[in-house]
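> let me see the structure of the following:
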Amino acid sequence: MKTKIKRCALFALMLCILAVGIFAPAKKAEAAVAFNNLLSETVACSVDSDGQLSAHMTAFGIKGTTTRIKVQLYVEKRILGLLWSKIDIGCTDDIWEDSTTSCIYENIFTTQLGSHGTYRVTVTFTVYGTGGANDVIQERRTVAY
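Residues are numbered from 1 along each chain as shown. The predicted structure is shown next:
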């Protein structure tokens, strides 16, 4: 009788261990992104206490390969907790654009926010060069004011 209880307990323990292994979330594998004309890019956004939004953007192209870096930026405000609406940032179609023919790009975009809320900044880098097809990278950052 004791042997049967031990076997049942051992079997139940093995089932528990197996169940935990099956249902435990596995770490998702991420592939390294390879670019044709770009080494790396970054976007960092912040809002000060007066509502001044700042977006600091950098892109590092490949020397001798990158011929142009084009940057587009727009800002949206969350409406009703679900929707995003593009806000007026004083540029044509409310999209700020900049570019350089250098392989290094760095700039800070600033705009004054009109009211408190949650804002999303979308930055699109298009990197041209001789390394292959143009690299198009879109970054989004969310900030609260």
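
> mind listing the helices for the chain?
Along the chain, counting by DSSP state H, helices occupy 2-23.

> what about it, any weak spots by pLDDT?
For the chain, residues meeting the criterion pLDDT under 70 lie at 1-33.

> so what's the closest residue to residue 51 other than its chain neighbours up against?
What sits nearest to residue 51 in space, not counting adjacent residues and going by Cβ to Cβ, 6 or more residues apart in numbering, is residue 113, at 4.2 Å. Just so you know, the C-beta spots here come from the backbone N, C-alpha and C atoms, and that holds for glycine as well. Going by Cβ atoms under 8 Å, 6 or more residues apart in numbering, residue 113 touches 47, 51-53, 87, 119, 145.

> tell me the bridge partners for residue 100.
residue 69 (DSSP bridges).

> can you name the residues in contact with stretch 127-145?
Stretch 127-145 has contacts (Cβ under 8 Å, 6+ apart) with 35-38, 41, 43-47, 51, 53, 55, 59, 61-62, 65-70, 113, 116-126.

> again, but for stretch 67-81
Under Cβ under 8 Å, 6+ apart, the answer for stretch 67-81 is 37, 53, 55, 57, 59, 61, 84-87, 89, 94-103, 105, 107, 109, 111, 115, 117-130.

> what's the spacing between it and its chain's center?
Offset of stretch 67-81 from its chain centre (Cα atoms, centre = their mean, to the nearest Å): 12 Å.

> now stretch 81-93
Taking the mean of its C-alpha atoms, stretch 81-93 sits 19 Å from the chain's own mean (Cα atoms, centre = their mean).

> quick one: buried residues of it?
87, 89 (16 or more other Cβ atoms under 10 Å).

> got the end-to-end distance for it?
One end of stretch 81-93 to the other measures 24 Å (Cα to Cα, to the nearest Å).

> with stretch 87-95 instead?
With Cα to Cα as the measure, stretch 87-95 spans 10 Å from end to end.

> let's have the chain start at 49 instead
Got it, first residue is 49 now, which makes that one stretch 135-143.

> returning to that earlier point: quick one: buried ones out of the contacts of stretch 115-129?
Buried subset of the contacts of stretch 115-129 (neighbour count, 16+ other Cβ under 10 Å): 85, 101, 103, 105, 107, 109, 135, 137, 144, 148, 151, 153, 157, 159, 167-177.

> contacts for stretch 147-157, please.
With Cβ under 8 Å, 6+ apart as the test, stretch 147-157 has contacts from 102-119, 121, 144, 146, 173.
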